[in-house]
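S.K.: make a model of this:
(one chain, ligands or ions: 1)
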Amino acid sequence: MTQRVAILISGGGSNMVSLVEDMQGDHPARPVLVVSNVADAGGLEKARSRGIATACVDHTAFGANRSAFEARLSEVLEAAKPDVICLAGFMRVLSAPFVTRWQGKLLNIHPSLLPKYKGLNTHARALAAGDSEAGCSVHEVTAELDGGRVLGQARVPILPDDTPEKLAQRVLAQEHVLYPKILRRVAIGDRSRLDLP
Ligand code: GAR
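M.R.: Model (predicted):
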């Protein structure tokens, strides 16, 4: 049966677009909802213009009450009955009750070769460490930040004149290749690891 995919974003949504554009034809999944925690996230308009239902759950409206924010997010998701929930540049940490509620359905893309550089500023940290390569990872989401099982990675060489911005751009291009490939596999129940060169 066709898998229903919800996508959570916070910003421009280029990963969301790459997932949505792949979900056509014989693809085993279809996008059913794009949710942002930021009202003016550029990705919302990109989703709307592609005919996808959108919602905003603005975390600032809940102040420091993370569980109320996550409860509302779950309500919005429940209405869409997703089989898979892709975090795609979703910049809120999700706590254990939310992760447990959606266990087995949550995927995330992270701009580093996990387990290296969990959290923020991944590209600057890879450069500061003198690494020769960087990349991105798609992983299952657990309550440990960026800590779930890695389903796939793509690698990008670090060049002598790299800046965090230049590196981020090249890694992002690989994110757009990796994430759709992993989603296709997950949608048919294949969670074996995929490594792109
Ligand atoms: C992407 O590089 C994604 O890997 C990163 O944010 C960017 C979102 O871009 N995510 C994280 O850092 C999550 N911790 P996009 O909105 O254009 O997809």
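S.K.: residue ranges for the helices of this structure, please.
M.R.: Ranges of helices within the chain are 14-22, 42-49, 66-80, 96-101, 122-128, 164-187, based on DSSP state H.
S.K.: show me the one of these that comes nearest the ligand.
M.R.: Set against the ligand and scored by Cβ to the nearest ligand atom, the helices of the chain come closest in helix 14-22, at 3.2 Å. C-beta coordinates here come from the backbone N, C-alpha and C atoms, glycine included.
S.K.: just to revisit the earlier point, in TSV: the helices of the chain, plus mean neighbour count and distance to residue 146.
M.R.: Shown next, in TSV, are these (neighbours: other Cβ atoms under 10 Å; distance: least, Cβ to Cβ, whole Å):
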stretch	mean neighbour count	distance to residue 146
helix 14-22	21	15
helix 42-49	17	21
helix 66-80	16	18
helix 96-101	15	12
helix 122-128	19	9
helix 164-187	19	14
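S.K.: any chance of TSV for those helices, columns distance to residue 7 and mean pLDDT?
M.R.: Formatted as TSV, the helices of the chain follow (distance: least, Cβ to Cβ, whole Å; pLDDT from 0 to 100):
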stretch	distance to residue 7	mean pLDDT
helix 14-22	5	99
helix 42-49	8	98
helix 66-80	10	98
helix 96-101	16	98
helix 122-128	21	98
helix 164-187	10	98
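S.K.: JSON lines for these, including distance to residue 116?
M.R.: Output for the helices of the chain, formatted as JSON lines (distance: least, Cβ to Cβ, whole Å):
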{"stretch": "helix 14-22", "distance to residue 116": "20"}
{"stretch": "helix 42-49", "distance to residue 116": "27"}
{"stretch": "helix 66-80", "distance to residue 116": "27"}
{"stretch": "helix 96-101", "distance to residue 116": "22"}
{"stretch": "helix 122-128", "distance to residue 116": "7"}
{"stretch": "helix 164-187", "distance to residue 116": "13"}
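S.K.: and the protein, which residues reach the ligand?
M.R.: Contact residues, the chain versus the ligand (Cβ under 6 Å from any ligand atom): 9, 11-15, 43, 88-89, 109-111, 172, 175.
S.K.: just flag the most distant two among those.
M.R.: The span of the residues of the chain next to the ligand, defined through Cβ to Cβ, is set by 43 and 110 at 17.4 Å.
S.K.: let's have the residues of the chain next to the ligand in CSV, adding distance to residue 25.
M.R.: CSV is the format used below for the residues of the chain next to the ligand (distance: Cβ to Cβ, whole Å):
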residue, distance to residue 25
9, 24
11, 28
12, 26
13, 22
14, 21
15, 20
43, 23
88, 21
89, 25
109, 23
110, 28
111, 29
172, 25
175, 22
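S.K.: state the distance from residue 107 to residue 164.
M.R.: Using Cβ to Cβ, to the nearest Å, residue 107 is found at 25 Å from residue 164.
S.K.: sorry, that was for residue 18
M.R.: Distance from residue 18 to residue 164, counting by Cβ to Cβ: 22 Å.
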